[in-house]
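# Coordinates only, no sequence provided:
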Ligand SMILES: C[S@@+](CC[C@H](N)C(=O)[O-])C[C@H]1O[C@@H](n2cnc3c(N)ncnc32)[C@H](O)[C@@H]1O
Ligand SMILES: Nc1nc2[nH]cc(C(=O)O)c2c(=O)[nH]1
Ligand code: SF4
Ligand SMILES: [Mg+2]
């Protein structure tokens, strides 16, 4: 967890917006998820999210947002310090809740970076995004009282109402090269995924192929993935959708900054 320096305003939940972007962490790693798994990339993780998935592997961006307000220049400078990298992954939290993410993406594009945005697909923004890595949230993500990592189900209704936006999602699919990356907890998720993909196909002019739809096993640790990955791999073979590993978890488990 990065600690805010004296020069930077710390981010806390319910905070008034500061200057620039609330940044939880910037780190260099391999893209662990999706069609570009294995590509060396700089990750820029914003703080704050409009959803509250019970399983969120970035708890300190959603349930308890933490970090520091930073201007775009300082973020670009840190990205450029990783000289080998040509790919940048903007993630969060939900990076597209922040209008300033557009400016950051514009600057990254002008510097020649390939940009991937990891997003829950509920907010559309017009920006130079090379790959929209959209992870629409299923009913199994909802923080019921039994599955609330922090409280007693206080976010259940808000999460349930906001987790799918059938205006923003097809709009993003039509605007950008897209992968739809679903977190799968077990086989009961599959009918909802199929239904959602059908709805997106009906609402877009873009062809969404079966291998643009990725099934990703739920799990923050190797141990948790041991309980989900085989079943999700079988589901991919049965459905014709694509499987994505969580390469970073396989390599580094849940170590910070990976
Ligand atoms: C922390 S989210 C940030 C971006 C955005 N808010 C979203 O959900 O797409 C980054 C990615 O991690 C996935 N993810 C979060 N928690 C997970 C878990 N416990 N197991 C598997 N994937 C998870 C999300 O679905 C998303 O694809
Ligand atoms: N290595 C690595 N790959 C990732 N791909 C998407 C990530 C994310 O948190 O959005 C992520 C992450 O946190 N680490
Ligand atoms: S939408 Fe993304 S960042 Fe927000 S709670 Fe869910 S997984 Fe975490
Ligand atoms: Mg992650």
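Structure's in. What do you need? These figures come from a predicted structure and were not determined experimentally. Ligands and ions are numbered 1, 2, ... in the order given.
# Which residues of the stretch 1-150 of the chain lie near ligand 3?
Proximity of the stretch 1-150 of the chain to ligand 3 (CB under 6 Å from any ligand atom) is limited to residues 49, 51-53, 56, 58, 61-62, 92-94, 120, 137. No exception for glycine: its C-beta is placed from N, CA and C like everyone else's.
# can you tell me which two in those residues are farthest apart?
61 and 137 (14.9 Å; CB to CB).
# Looking at those two, which one has more neighbours?
residue 61 (26 against 20; other CB atoms under 10 Å).
# three-state assignment of the residue nearest the centre of the chain?
With distances taken as CA atoms, centre = their mean, residue 118 lies nearest the centre of the chain, 3.6 Å away. When classified by DSSP: H, G, I helix; E, B strand; the rest coil, residue 118 comes out as strand.
# Do I have it right that it meets residue 135?
Yes - counting by CB atoms under 8 Å, residue 135 is a contact partner of residue 118 at 7.0 Å.
# For the residue in the stretch 101-250 of the chain positioned nearest to ligand 3, give me the pLDDT.
As assessed by CB to the nearest ligand atom, ligand 3 sits closest to residue 120 within the stretch 101-250 of the chain, at 3.9 Å. pLDDT, residue 120: 99.
# Tell me, how many residues neighbour it?
Neighbour count of residue 120, defined by other CB under 10 Å: 26.
# Am I right that it is in contact with residue 134?
Yes - using CB under 8 Å, residue 120 makes contact with residue 134 at a distance of 7.4 Å.
# Apart from its neighbours in sequence, what residue is nearest residue 43?
residue 89 (4.9 Å; CB to CB, 6 or more residues apart in numbering).
# Which residues are in contact with that neighbour?
Neighbouring residues of residue 89 by CB atoms under 8 Å, 6 or more residues apart in numbering: 31, 41, 42, 43, 44, 115, 116, 117, 118, 133.
# give me that answer again for 7 Å
Listed by CB atoms under 7 Å, 6 or more residues apart in numbering, the contact set of residue 89 reads 31, 41, 43, 116, 118.
# Pick the one among the residues you listed closest to residue 218.
Comparing those against residue 218 with CB to CB places residue 118 closest, at 15.7 Å.
# counting contacts, what elements does the longest helix anywhere in the chain pack onto?
The single longest helix within the chain, with elements called by DSSP state H, is helix 190-203. Counting contacts by 3 or more CB pairs under 7 Å, 6 or more residues apart in numbering; DSSP states H and E, helix 190-203 packs against helix 168-175.
# hang on, the earlier thing: residue 142 versus the residue of the stretch 101-250 of the chain closest to ligand 3, what's the distance?
Between residue 120 and residue 142 the computed distance is 13 Å (CB to CB, to the nearest Å).
# wait, isn't residue 84 in contact with residue 41?
No - the pair residue 84 / residue 41 is not scored as a contact, 10.2 Å apart, by CB atoms under 7 Å.
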